[in-house]
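>>> This is the structure alone, sequence omitted:
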């Protein structure tokens, strides 16, 4: 959605029928960072899509009030709510069998951390939040078979990088396949957003995967 900032603490109607899991906001008329809310970040923290910074403790961007099924809260910061400034915001809700948002802890092992999604991924974004590190976007179009390793990073202008972090896309999730800090450093925290290759569920809402 688009909205005009007020410069005062307030709420934005997101138009979803459930709590958003991730929100990306950009000031349309000024040079400001892309501010991201993610449900796995601590309350009052955010992270920037165009930077490699760790999570940022700044509750003037997205406040410590958790989103509801109708609104989310913004503070007084120019990155989300400067007076009379125009913003665009992209809000994502988790949908079973279609999308998933969460976090995981790296294990520093080539037999890496496995993250259950309930579907085979088509598009995945990860970001280390506990330390400085770049974002990584991978998909099933550049790499049609495992391993999935062609990375693009929105915080740089670099070309594809096949030497940063490796994944296996599995029928029910994704698995890290190297020890690099970018995706699987032991003890570090990473957030992710992932979308399904074939989004569908059974009549009972349970994700359906091939036998």
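Yep, that arrived. Predicted, not measured: the structure shown is a model, and the values here were computed from it.

>>> Shouldn't residue 183 be within a strand?
No: according to DSSP: H, G, I helix; E, B strand; the rest coil, residue 183 belongs to no strand; its state is helix.

>>> Quick check: it vs residue 149, distance?
Distance of residue 183 to residue 149, given as C-beta to C-beta, to the nearest Å: 10 Å. Heads up, the C-betas are built off the backbone N, CA and C, glycines and all.

>>> so residue 198 makes contact with residue 120?
Yes: counting by C-beta atoms under 8 Å, residue 198 does reach residue 120; the two are 6.9 Å apart.

>>> For the helix or strand of the chain with the lowest mean pLDDT, name the packing helices and strands.
Least confident helix or strand, the chain: helix 181-184 with a mean of 89, by mean pLDDT, DSSP states H and E. On a contact count with 3 or more C-beta pairs under 8 Å, 6 or more residues apart in numbering; DSSP states H and E, helix 181-184 meets strand 121-128.

>>> repeat that with 6 Å
Packed against helix 181-184, as judged by 3 or more C-beta pairs under 6 Å, 6 or more residues apart in numbering; DSSP states H and E, are no other helices or strands.

>>> what's near enough to touch residue 154?
49, 135 (C-beta atoms under 6 Å, 6 or more residues apart in numbering).

>>> next one: residue 127
Contacts of residue 127 by C-beta under 6 Å, 6+ apart are 135, 191.

>>> Kindly state the domain boundaries assigned to this protein.
Residue ranges for the domains of the chain, per automatic domain parsing: 2-92, 99-196.

>>> And those domains, which one averages the lowest pLDDT?
Set side by side, those give their lowest mean pLDDT on domain 99-196, at a mean of 94.

>>> who has more neighbours, residue 183 and residue 149?
Higher neighbour count among residue 183 and residue 149: residue 183, with 27 against 19, using other C-beta atoms under 10 Å.

>>> Run a quick neighbour tally on the residue lying closest to that one once chain neighbours are set aside.
For residue 183, ignoring the flanking residues on the chain, the nearest one in space by C-beta to C-beta, 6 or more residues apart in numbering is residue 165 at 3.5 Å. When neighbours are counted by other C-beta under 10 Å, residue 165 registers 27.
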